[in-house]
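[1] fold the stuff below for me.
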Amino acid sequence: EDLVLWIVQDFGDKAPAILDIGTGSGCIPISLKKEIPAATVEACDISSGALETARENALYLDADVTFKKIDILSSESASLLRMYDVIVSNPPYIPEGEAAGMHANVTGHEPHLALFVEDDDPLLFYRNIAQTALTQLKRGGCLYFEIHRDFMPQTRDLLLSLGYTHITPRRDMHDNWRMIRARLQA
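    Predicted structure coming up:
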């Protein structure tokens, strides 16, 4: 919710082209389309089941969102995308070693694929998405992520190393680092 609100605050008075990567049930792109009706909104996921659910949700909520099956870790993924003003993602970011300590209300309702990354590479999706965004994000466009509260400095440093500017982390209502925004220099 906070991530969607941030994008609405930044782009609500425009007609941006938006891409949500790893859409799951489609809550981010559907909410963005409802809040920014002039936006062109696309979303992708690797899971056919997730995409089917997202399409059903968009139809039920009367939100014009285009869904695509894309593996963002594949080198061909960028060729399936166009140029965007906004790329947003809430990718898998929980190291597998933390799974045992998680509440069942999370692990019992979310697919493993949507939650966890290997312990030795917790920034895998951030790195791949940020690299893809270098060619698919319009100059001056913004990349938004939901992040693991313990990896904000590493995520910020990754974005800096790739040439993003105006990197802004944001805390959630519990005072944890949970989101970050970066701009591709105009």
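
[2] did I read that right, V88 in a strand?
    Yes. Counting by DSSP: H, G, I helix; E, B strand; the rest coil, V88 is found in a strand.

[3] contact partners for it?
    With C-beta atoms under 8 Å, 6 or more residues apart in numbering as the criterion, the residues that contact V88 are 3, 7, 18-21, 28, 32, 143-145. Quick note: C-beta positions are derived from backbone N, CA and C, even for glycine.

[4] again with N176
    R149.

[5] returning to what we had before: make TSV out of the contacts of V88 and add neighbour count.
    As requested, the contacts of V88 are arranged in TSV below (neighbours: other C-beta atoms under 10 Å):
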residue	neighbour count
L3	24
I7	23
I18	24
L19	30
D20	31
I21	27
I28	27
L32	26
L143	28
Y144	24
F145	25
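
[6] who does the closest residue to T66 other than its chain neighbours form a beta bridge with?
    Ranked by C-beta to C-beta, 6 or more residues apart in numbering and with sequence neighbours excluded, the top spatial neighbour of T66 is E42, at 4.6 Å. Taking DSSP bridges, one obtains L19, T66 as the residues bridged to E42.

[7] V86: which of the contacts of V88 is nearest?
    The closest of those to V86 turns out to be I18 (C-beta to C-beta; 4.4 Å).

[8] unless I'm misreading it, that closest one sits right up against R82, doesn't it?
    No. Under the criterion of C-beta atoms under 8 Å, I18 lies out of contact with R82, with a separation of 11.3 Å.

[9] run through this protein and note the low-pLDDT ranges.
    Across the chain, the stretches falling below the confidence threshold (pLDDT under 70) are 92-120.
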